[in-house]
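J.: Okay, predicted coordinates and the sequence, questions at the end:
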Amino acid sequence: MPSSPLSGAEDAAGAVAAKQPDAQPPAEQQEEESEVTLQASSHLLKSASEKFQAAMERWAEPGAAKQLVFQCRDGEEVGSYRHLLAFVHSHGRELPQGADTLLGLLLLAREHAVEPAIAACLQQLLIQVQLLPPSVCLSLITELETGCSAHSSVQAAADQLVSLCCNRLGALLAEAPALLPAHIQLHAAVLSYLGPLHCMLRDDARRQLFAKLPFWMLRDSILGGPAVAADTEATVLAAAAYWAEFNMPCDVYDALGRVDDVRRQAAELCSRIRLPLVPAHILLNYHSFYRLLQWFDRDKTLVMRAIASSRDLPMHLAMQQAAVEIEQMGADSENEEEEEEEEEGPDVDEGGEGKAAALRTLR
C-alpha cells in the first residue's frame, strides 16, 4: 500500500517530488509499502479545504513534522492526489478530462472536503454524461448516494448527475448484447447494487435505476428465478407495478399500435407473480390504480379468481401437511413388519394423491 505524504511549503507554487522504485520489485518485495512525497503549498491547501486546515494546525506543536501522510489503495489513488494538488495549485484551472480520472479526483476531493474540486468535477461529468461508460455510471450512482457536499448547490448538481447516470445506464443495458462478458459483469453488478426488492423500493436512487431497466432484465433476471429476492409476494407485485408505471402506456389510446406487445409484457410479468399469495385488498388496490394489472386483466376476472383461490389456501396447506404426516407414518411402519407394509400401502398412496392434489390446487 503506497503512502503519499504532502510536504508543506509556504510558497504559492507547488513542486512534485516522487520517491518510487526505478524498476519493478521482485515478487517477495511487492507487498512492501512504497512512499511517494508530493510538495504542496500549505497556504493554498488551507484555503481549499477546512479539513486540510485543521490537520495543518497541528504543525505548530513542538517536534511536529510538516507533512500530511495518507495511505493510498493503489497507484491510481496516488495519481488522484497529483491531480488534486494540480487543481489546487492552478486555482482550479487544471482539471483532467478522462471519465475514470475525473471519478477518482471527485471521490478524493469529497474525502478531503475540497469543495471547489468537487464542484468542478461534477460540472465536467455533467458535460460528458452521455459519453460515460457503464462502469463509471454505476460507480457514480453507488458512490454519490450517500451525499457529496455540504453546499446545497453542489449537492443538487450531484443529484442531477446521478439521475442522468441512471438514464444512461438503463439505455446502455437495453442496447448492449446480453452475451458479451463485459455485459454479464455489468449485469451482475447492477443486480448486486439493487439488492432485494423490498430494500430497493425504499431507496430513491435504486428505485430510479430499477425503473430504467430493460424489460428482459426485469423478466428474466429479477422475476424469472425460482426464488425472487423479496420479503413478500406483495412486494414482488409492487416492484413490477412500479416498473410498469414508467415503461407501459396508460391505456390503449396511448399505446400507439403497441397494444399487443404491452399486453404480452404485462402477461409475462404477472405470470411470474403468485397472485393468490397477495392479500385481496392489495390486489384490488393495484388493479384500480396501477396499469400493470389493468393491462393484464382489464375485466378483473383473473384477479377475482386469485382472491377466491387465496381463501381456500389454509385448507390446502393443511391437506398438504396431513399428506406428509401420513407418508411419514407409512415409512416408519415399513421398518417394523413387512405385513404392515402391505396394509399401510393404500394409506400411503392415498396420502400421496392428496398431496399431489393439494399442490396442483396451490399452483
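T.: Good, I have the coordinates.
J.: all strands for the stretch 51-200 of the chain, in order.
T.: 67-71 (DSSP state E, counting those that start in this stretch).
J.: Tell me where the model's unsure across it.
T.: By pLDDT under 70, the low-scoring segments of the stretch 51-200 of the chain are 60-65, 176-182.
J.: Would you enumerate the residues in contact with residue 170?
T.: Residue 170 is in contact with 209, 211, 212, 213, 214, counting by CB atoms under 8 Å, 6 or more residues apart in numbering. Placement of C-beta: from N, CA and C, glycine included.
J.: List just the nearest of those residues to residue 287.
T.: Of all the contacts of residue 170, residue 211 has the smallest distance to residue 287: 20.7 Å, by CB to CB.
J.: Look up how far residue 163 lies from the closest one.
T.: 11 Å (CB to CB, to the nearest Å).
J.: So which of the contacts of residue 170 are in strands?
T.: With strands taken from DSSP state E, there is no overlap with the contacts of residue 170.
J.: Got phi/psi on residue 39?
T.: The phi and psi values for residue 39, taken as degrees, to the nearest 10, are phi -80, psi 140.
J.: Run through the bridge partners of it.
T.: residue 7 (DSSP bridges).
J.: Pull the number of nearby residues for it.
T.: 17 (other CB atoms under 10 Å).
J.: cool, residue 96 as well?
T.: Neighbour tally, residue 96, other CB under 10 Å: 19.
J.: Now do the contacts for it.
T.: 83, 102, 105.
J.: what's the helix or strand for residue 237?
T.: helix 233-247 (DSSP states H and E).
J.: which of the residues in that helix are buried?
T.: 233-244, 247 (16 or more other CB atoms under 10 Å).
J.: Equivalent analysis for stretch 157-166, please.
T.: Those buried within stretch 157-166 under the rule 16+ other CB under 10 Å are 157, 158, 159, 161, 162, 163, 164, 165, 166.
J.: Just the residues contacting it, thanks.
T.: Taking CB under 8 Å, 6+ apart as the rule, stretch 157-166 contacts 119, 122-123, 125-126, 129, 132, 137-138, 140-141, 144-145, 147-149, 205, 208-209, 212.
J.: Geometric centre of the chain: which residue is closest?
T.: Central residue of the chain (CA atoms, centre = their mean): residue 193, 1.9 Å from the mean position.
J.: Identify the spatial nearest neighbour of that one, chain neighbours not counted.
T.: Excluding the flanking residues, the one nearest residue 193 by CB to CB, 6 or more residues apart in numbering is residue 142, at 5.8 Å.
J.: What is the neighbour count of the one you found?
T.: For residue 142, using other CB under 10 Å, the count is 17.
J.: Over to residue 171?
T.: Neighbours of residue 171 (other CB under 10 Å): 15.
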